[in-house]
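> just coords:
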């Protein structure tokens, strides 16, 4: 049963409100109790004691539609940790708003001159938990030195949820490359400077998951697709990639790098992990080449710029990241990166392709062929990044 809480609950009216609540709950029998706080404007310590007694009598008690001001009271007093309290979220519209960034789980829209909202693509029960996780890891990243934006509010957007960020006049690198392709070298320099900064950050133990574990999952899920000998070789080489305690963004591409108020920032932090840079560079390769290898126009539909720019951006970025013009070293490192890339792509295709789709099947076969060819001569995925 749902009972509405209205106005203020303080020392003056708390005893009477408690009697009314108990009377209504008793009349409702054994139904689970939900308190609707959409019209509750304030609750004092006397009111909190009423809630506490109700919670003890009815362990499944929930409070929903709580305003930000009242939720803050519950949060500060620890009530949000002892019972289910659901915040009432401000509703906003993204109709006609420009997309300024995009990641695996959501899109970032500009909703004002100095504000953007990341809208999650899924609206299931895990979305709010995903938002909470991203806010926590973004704070960790900021504390550790990553230039990023911190969410200051959670909102409802249609049937889903979004996180609000302050980003002054933000433009993604994808938009810059689409509108000003002559700035390619500047974007490459800033991108490599930023990712090297991220990869140099050591993360306290247990704060972020292992990128190597994610990589091993990709490999384990494609068992049976490759010949046994090649699969065993790929698994062994992936297991031999050393663990590291340095940060990996996990979805590092030009839609998640933004220029805001003259500062280059990294957004979409929910994929943060720790590990060897090969996992980061493999994801980058897929963003610019891997996903669009069969159909180059795929990168245009996602990033918004010409496939030739994507290929040039990847080649220049890898060369700058390695800090060398040695064609042999660049080729050898890229082949190792591509082994990790195709493992992830084949796994992704198996889990996301349309059944009986000839296009998806042909694309997957292309990736399998590329990986099979590489495994014929690549004998290790270890890279000496400081060479």
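That came in fine, so what should we check first? Predicted, not measured: the structure shown is a model, and the values here were computed from it.
> Quick one: residues in contact with the longest strand belonging to the chain.
The single longest strand within the chain, with elements called by DSSP state E, is strand 34-43. The set of residues that contact strand 34-43 without belonging to it, under Cβ atoms under 8 Å, 6 or more residues apart in numbering, is 1-10, 51, 61-67, 69-70, 73-74, 88. In this view, the C-beta of every residue, glycine as well, is placed from N, C-alpha and C.
> Of the residues you listed, select the buried ones using a PyMOL command.
Buried residues within the contacts of strand 34-43, by 16 or more other Cβ atoms under 10 Å, are selected in PyMOL with:
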select buried, resi 5+9+51+61+62+63+65+66+67+70+73+74+88
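> Give me the subset of the contacts of strand 34-43 that lies in helices.
The helices, defined by DSSP state H, take in 51, 69-70, 73-74 from those.
> For the longest strand of the chain, the averaged confidence score.
Averaging pLDDT along strand 34-43 yields 93.
> Give me the buried stretch members for that strand, please.
Under the neighbour-count criterion of 16+ other Cβ under 10 Å, strand 34-43 has 34-37, 40, 43 buried.
> With stretch 319-332 instead?
319-322, 330.
> do stretch 71-90 as well
For stretch 71-90, the buried set under the neighbour-count rule, 16+ other Cβ under 10 Å, comprises 71, 73-74, 79-80, 83, 85, 87-89.
> same thing with stretch 185-203?
In stretch 185-203, counting by 16+ other Cβ under 10 Å, buried: 187-188, 190-192, 194-195, 198-199, 203.
> do the same with stretch 115-135
Of the residues in stretch 115-135, those buried (16+ other Cβ under 10 Å) are 115-120, 127, 130-131, 134-135.
> thinking again about what came up before, possible to save the buried residues of stretch 71-90 as a markdown table with pLDDT?
Formatted as a markdown table, the buried residues of stretch 71-90 follow (pLDDT from 0 to 100):
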| residue | pLDDT |
| --- | --- |
| 71 | 92 |
| 73 | 94 |
| 74 | 93 |
| 79 | 92 |
| 80 | 91 |
| 83 | 90 |
| 85 | 91 |
| 87 | 84 |
| 88 | 83 |
| 89 | 83 |
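> ok, now how distant is residue 243 from residue 270?
The gap separating residue 243 from residue 270 is 22 Å, by Cβ to Cβ, to the nearest Å.
> So for these two, which residue has more residues nearby?
A direct count of neighbours by other Cβ atoms under 10 Å for residue 243 and residue 270 places residue 270 higher, at 21 against 11.
> which SS class is the more buried one?
Under DSSP: H, G, I helix; E, B strand; the rest coil, residue 270 falls in the coil class.
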